[in-house]
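Engineer: got a predicted structure plus its sequence, pasted below:
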Amino acid sequence: MDSRKYEELLARYLRGECTDDERALLDQWFDSLDADVPLPASEEEKERLLSSNWEALAARTTRPAPVHHSRRNWLRPVAAAALVVLALSLSWYFLLTPARPSLSHTKSSPADHPAVIERVNTAAGPLRLVLRDSSVVTLQPGGVLRYVAEFALDKREVTLVGEAFFEVQKDPKRPFLVYANDLVTKVLGTSFYVQASPAEKNVTVTVRTGKVSVYSPKLATTTKTDSDPETIGVVLTPNQQVTYLGEELRFVKTLVQKPALLVPSGEQSVFTFQNAPVARIFAALEKMYGVDIVYDEELMSNCFITTSLESEDLYDTLTILCRLLGAGYKVIDAQVVITGTGCP
């Protein structure tokens, strides 16, 4: 009896259409399961065993099996049918499925699935969290941070809902990744803010120190690009921020509302100028705030200014300088673009 006819026999039994001889055959196989049946040692032997007739399977047992017709043993053929259906299913699975790694290589271990920690800030003020790598996360009220107790050897990953400020310890071999909605923020060691509202898909990343890479795997998939998703993202430096518009799948990069001074307060006295070329003054501003200032150097080569850059507000300083130059400025793609007619 081949496997197809055998399956038909089982189907007839479950429908109550088996003959007494067929039911006895099921009883005989059930009793034979108690015997010491040698297991197939190879895929070829599995196939031969599966395709052999029913009598051959029964003959592999080490003792004959009695035939039971007693009414009180009516459950035994049911169990036999279920067991053999399972055996057949597993046999066909092993025969038709490509070879897989052995269980010893695929079995999950605590290292594969480390414990996940979830911290929720239910307080009215910020919650300071110190991670195992000594990075510090200041979680704002209502925020949720998820991370594993032990980071992987090649990366450090956390998931954020809400708003948090990250102070990441430097580790060039293990980048720090923050997942928020559809956005990934990747750093090696720096400080930055992430705002990811659970009510909308927009995410804003603001850099205080260092440099971060911000990208969206979903954007890369939507645009059907084969390149690394990080290559179609943006890179942020201090005083820059980007808002990822999740509905529109695009980035809007700009300067922060109030750029912070990046030089020690003791060095600010150096930025006092007496009849200095405007190029030197713009270079000083770039150093103080970490911004790029774009202007027509040739057009403004004759411009000289006497001033002191004592204001801690970049935009106030730019407004004063532009008035002296008869010029104007705009912030475009996190750069300050100055336009004017030059100096006589």
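Structural biologist: Everything's here; your move. Not measured: the values here are computed from a predicted model.
Engineer: who does the longest strand seen in the chain pair up with?
Structural biologist: Looking across the chain with DSSP state E, the single longest strand is strand 156-167. Note on strand 156-167: by DSSP bridges, its sheet partners are strand 136-139 (antiparallel), strand 144-148 (antiparallel), strand 176-180 (parallel), strand 191-196 (antiparallel).
Engineer: now that strand - C-alpha only, CSV.
Structural biologist: Output of strand 156-167 as CSV, limited to C-alpha atoms (Å, rounded to 0.1, in the frame of the first residue of the first chain):
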residue,chain,number,x,y,z
ARG,A,156,23.8,49.4,20.8
GLU,A,157,20.1,49.7,20.1
VAL,A,158,17.2,51.4,21.8
THR,A,159,13.6,52.3,20.8
LEU,A,160,12.0,55.6,21.8
VAL,A,161,8.5,56.8,22.0
GLY,A,162,8.2,60.4,23.1
GLU,A,163,11.1,62.8,23.8
ALA,A,164,14.6,62.2,25.2
PHE,A,165,18.0,63.7,25.4
PHE,A,166,20.9,61.2,24.7
GLU,A,167,24.5,61.5,26.0
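Engineer: so for it, mean pLDDT?
Structural biologist: Mean per-residue pLDDT for strand 156-167: 97.
Engineer: and stretch 326-339, by the same measure?
Structural biologist: Average pLDDT, stretch 326-339: 94.
Engineer: and that stretch, end to end?
Structural biologist: 9 Å (C-alpha to C-alpha, to the nearest Å).
Engineer: other residues contacting that stretch?
Structural biologist: With contacts defined as C-beta atoms under 8 Å, 6 or more residues apart in numbering, stretch 326-339 is touched by 236, 240-241, 253-255, 282, 291-296, 318, 321-322, 325, 340-341. Using the backbone N, CA and C atoms, a C-beta is placed for each residue, glycine as well.
Engineer: will you turn the strands paired with strand 156-167 into a markdown table that also has mean neighbour count, mean pLDDT and distance to Asn275?
Structural biologist: Output for the strands paired with strand 156-167, formatted as a markdown table (neighbours: other C-beta atoms under 10 Å; pLDDT from 0 to 100; distance: least, C-beta to C-beta, whole Å):
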| stretch | mean neighbour count | mean pLDDT | distance to Asn275 |
| --- | --- | --- | --- |
| strand 136-139 | 19 | 97 | 46 |
| strand 144-148 | 18 | 95 | 54 |
| strand 176-180 | 21 | 97 | 47 |
| strand 191-196 | 22 | 95 | 39 |
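Engineer: so which of the ones you listed gets nearest Phe273?
Structural biologist: strand 191-196 (31.1 Å; C-beta to C-beta).
Engineer: for the stretch 101-250 of the chain, what spans make up the helices?
Structural biologist: Shown for the stretch 101-250 of the chain, the helices assigned by DSSP state H, counting those that start in this stretch span residues 103-106, 217-222.
Engineer: any idea which of those scores lowest on pLDDT?
Structural biologist: Among those, helix 103-106 scores lowest, at a mean of 30.
Engineer: show me where pLDDT drops low in this protein?
Structural biologist: 1-17, 24-114, 224-226, 265-270, 311-312 (pLDDT under 70).
Engineer: domains for it, by residue range?
Structural biologist: If you go by automatic domain parsing, the domain ranges for the chain are 3-96, 116-255, 265-340.
Engineer: show the end-to-end separation of the second one, please.
Structural biologist: Spelled out, that is domain 116-255. By C-alpha to C-alpha, the extent of domain 116-255 from end to end equals 35 Å.
Engineer: ok, and what's touching stretch 205-213?
Structural biologist: Contacts for stretch 205-213 (C-beta under 8 Å, 6+ apart): 183, 185-195, 214, 230, 233-242, 244, 256, 260.
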